[in-house]
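>>> Let's see this in three dimensions:
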Amino acid sequence: MLSGRQVAFLKALAIAIVGTVVIWFGAAAIILGVFAHDMQAAAPWLALAKVASLAWAAAVGWMIIWPRLDEREKEARKFSWLIGSTTAILLTAPIMLLWLENGGAFLTQLVHRHTPGIYFALGWVGLVFAQLLSSLVARAWWWAAKR
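Next up, the predicted model:
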């Protein structure tokens, strides 16, 4: 059975996730509807919508969720983000440099598109997934070391 504190935490987490998704996809649908096929005109507005969705996640995450955590959980999160994100950046930076060195031939074969935006998006998504994965590993390592 979940405690009142855990239920409040899960509600705040749901608000953060749902709000972020609604802001991003809702704004993207409206922007793409307005600009139709003119992606060059839509790009700055899509970037602004993404910033708004990330701002929502950060505001809810830090102002609502963070104060509700106990000290042990706060330390676990700080450790996992510091060690996990740093490790991901250190591991993905050489990979990105190697892809840059060979002209992105692997990425060109992977996506069949030759636009700089697709390379940026793949690099950004790759780094985000690497950071999330490595922070989960660091978090599991932290909890295993503390037990």
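>>> Centre-most residue in this protein?
Val128 (5.1 Å; Cα atoms, centre = their mean).
>>> which residues touch the nearest residue to Gly61 once chain neighbours are set aside?
Leaving aside its sequence neighbours, Gly61 sits nearest to Ala16 (Cβ to Cβ, 6 or more residues apart in numbering; 5.4 Å). Yep, even glycine has a C-beta here, placed from its N, CA and C like the rest. Shown in contact with Ala16 (Cβ atoms under 8 Å, 6 or more residues apart in numbering): 56-57, 60-61, 64-65.
>>> So which of these belong to helices?
56-57, 60 (DSSP state H).
>>> List the buried residues of stretch 136-146.
For stretch 136-146, the neighbour count (16 or more other Cβ atoms under 10 Å) marks 138-139, 142 as buried.
>>> Buried residues of the helix or strand where Leu97 lies, list them for me.
Assessed by DSSP states H and E, Leu97 sits inside helix 71-101. Buried residues in helix 71-101, counted by 16+ other Cβ under 10 Å: 76-77, 79-80, 83-85, 87-88, 92, 99.
>>> now, which of these sits nearest Asp38?
Trp99 (29.7 Å; Cβ to Cβ).
>>> host element of the residue nearest to Leu32 when sequence neighbours are not counted?
Nearest non-adjacent residue to Leu32, counting by Cβ to Cβ, 6+ apart: Ala42, 6.2 Å away. Using DSSP H and E, Ala42 sits within helix 39-60.
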